[in-house]
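[1] curious how this folds, go ahead:
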Amino acid sequence: MRCSAASDAHDVSDGLDASARHHGDRGRLDRGQAVVELALALPVVILVLLGVVQVAVVVRDQLVTQHAAREAARAAAVSASPTTAASRAAAPLGLDDLGVRVSAAGDVVRVEVRSRTRTDVPLIGALVGDVTHRAVAVMAREPP
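    Next up, the predicted model:
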């Protein structure tokens with residue numbers, strides 16, 4: 001009987017070894033599946049991140065365009081030559097295709113600033129065209 005118990009114990013340990021080997025193979029298969037899933041998901045994640053970067057650039061340029069309009073209107077409001085002052089005030093802000101239009105009527109100066117954001121972030125630039133920004137600021141004229 002003792003011999004049979006030893007033989008049963010031996011059979012059980014063989015079953016554990018076979019089970020452990022099977023689970024080891026399963027771990028390698030899971031790692032292989034994870035690599036395939038990553039390879040499929042990574043391009044989508046990168047495209048989303050590039051889209052976020054492009055949106056941030058567009059929003060930044062819109063804010064800079066609004067700032068340029070305010071600065072140009074302020075400069076035009078206190079200058080004897082509003083058009084020249086507005087153009088000089090808006091120029092150093094680094095906007096692409098900057099356009100400044102000034103109209104001074106009565107006691108107010110109205111400045112309209114237009115700029116363009118190039119969508120040159122890789123992949124996104126090919127999908128989305130350039131974005132045009134427009135901002136208007138009106139200020140009371142002051143004596144120069």
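[2] so the nearest residue to residue 82 once chain neighbours are set aside, which of the three states?
    In space, and not counting its chain neighbours, residue 82 is closest to residue 76: 3.6 Å by CB to CB, 6 or more residues apart in numbering. In this view, the C-beta of every residue, glycine as well, is placed from N, C-alpha and C. Assigned with DSSP: H, G, I helix; E, B strand; the rest coil, residue 76 falls in the helix class.
[3] could I get the contacting residues of residue 76?
    By CB atoms under 8 Å, 6 or more residues apart in numbering, the contact set of residue 76 is 82, 83, 85, 86, 89, 102, 104, 109, 111, 139.
[4] any idea whether the fourth one is helix, strand or coil?
    Residue 86 carries the three-state label helix when classified by three-state DSSP.
[5] that one is in contact with residue 77, isn't it?
    No: contact criterion CB atoms under 8 Å: residue 86 and residue 77 do not qualify, at 9.2 Å.
[6] buried among the contacts of residue 76? Need that as a selection in ChimeraX.
    Command for ChimeraX that selects the buried part of these, burial taken from 16 or more other CB atoms under 10 Å:
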select :82,83,85,86,89,102,104,109,111,139
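[7] which SSE is the most centrally placed residue in the chain in?
    Residue closest to the mean C-alpha point of the chain, counted by CA atoms, centre = their mean, is residue 53 at 1.8 Å. Assigned by DSSP states H and E, residue 53 belongs to helix 2-77.
[8] can you pull the contacts of the residue nearest to the centre of the chain?
    So residue 53 contacts 121, 124 (CB under 8 Å, 6+ apart).
[9] quick one, phi/psi of the residue nearest to residue 91 when sequence neighbours are not counted?
    Spatial nearest neighbour of residue 91, chain neighbours left out: residue 98 (6.7 Å); criterion: CB to CB, 6+ apart. Backbone geometry at residue 98, expressed as degrees, to the nearest 10, gives phi -70, psi 130.
[10] and residue 98, how many residues sit next to it?
    By the measure other CB atoms under 10 Å, the count of residues near residue 98 is 17.
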